[in-house]
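**Student:** take a look and give me a structure for this.
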Amino acid sequence: MTTAPDLAARYDEAAIEADPTVPMIHIRRDFSATPDQLFRAHTDPELFARWIGPDGMQAEVLAWDATDNGRWRYAGSDRDGNAQYFRGSFHTVSPTRIVQTFTWEGMPDAVALETVTFEDLGDGRTRLHARSLCDSFEDRDLWISNSGMEVGVHQGYASLDRMLADGSV
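**Tutor:** Presented below is the predicted three-dimensional model:
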């Protein structure tokens, strides 16, 4: 949505919203973590591979350079070994903001521009804000409704919660 999120609200589960004015997906999620912990979970390839995607998906990082102008690519395989490939470029990588492109290689012409920020809520919690600007409203709506993105986001963030709780991030 175009309105600012309510800072008094809690997002213990991801809020995933389609912007009505531009082909953008907004995600908000609170974590019991510092901004630095969330930054590391998004930029350290070993940590990233442990939490990204839905339950049962095994992520293998194939390329990873989490620096300005770096690139990334990973494969996500299901229990039967069927792999999906994802890739992109890091444009800006700083402790409070990551800007990158995202492409699912199953739709290689559809590129999203993603911005992820980490907002310290001051109570031992950090709010992740993610915005994905898609090529079109149609692509955005396909991602939300048909790609499994919502399941992957919720289950992936639950995995990240467990990693934060056990101290591995």
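**Student:** alpha carbons only: can I get the longest strand belonging to the chain in CSV?
**Tutor:** For the chain, the strand that runs over the most residues, judged by DSSP state E, is strand 83-94. What follows is strand 83-94, C-alpha atoms only, in CSV (Å, rounded to 0.1, in the frame of the first residue of the first chain):
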residue,chain,number,x,y,z
ALA,A,83,15.5,-27.6,-9.4
GLN,A,84,14.4,-24.0,-9.9
TYR,A,85,17.1,-21.4,-10.6
PHE,A,86,17.2,-17.8,-9.4
ARG,A,87,19.7,-15.0,-10.2
GLY,A,88,20.3,-11.4,-9.9
SER,A,89,22.7,-8.5,-9.4
PHE,A,90,23.4,-6.6,-6.2
HIS,A,91,23.3,-2.9,-6.8
THR,A,92,23.7,-1.5,-3.3
VAL,A,93,24.7,-3.5,-0.3
SER,A,94,24.9,-1.7,3.1
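**Student:** give the buried residues for stretch 154-169.
**Tutor:** By 16 or more other C-beta atoms under 10 Å, the buried positions in stretch 154-169 come out as 154-157, 159-161, 163-164, 169. Quick note: C-beta positions are derived from backbone N, CA and C, even for glycine.
**Student:** residues contacting Thr34?
**Tutor:** Thr34 makes contacts with 120, 124, 126, as judged by C-beta atoms under 8 Å, 6 or more residues apart in numbering.
**Student:** run the last query once more with 10 Å
**Tutor:** Shown in contact with Thr34 (C-beta atoms under 10 Å, 6 or more residues apart in numbering): 40, 118, 120, 124-126, 164, 169.
**Student:** again, but for Pro23
**Tutor:** 112, 132-141, 143.
**Student:** the longest strand of the chain pairs with which strands, and in what direction?
**Tutor:** strand 71-77 (antiparallel), strand 97-104 (antiparallel) (DSSP bridges).
**Student:** rewinding a little: out of the buried residues of stretch 154-169, which is nearest to Tyr74?
**Tutor:** Of all the buried residues of stretch 154-169, Tyr74 sits closest to Gly156, with 12.5 Å by C-beta to C-beta.
**Student:** the closest one - that's part of a helix, no?
**Tutor:** Yes: judged by DSSP: H, G, I helix; E, B strand; the rest coil, Gly156 forms part of a helix.
**Student:** residues contacting it?
**Tutor:** 14, 48, 50-55, 57, 59.
**Student:** what about 8 Å?
**Tutor:** Going by C-beta under 8 Å, 6+ apart, the list of residues near Gly156 reads 51-54.
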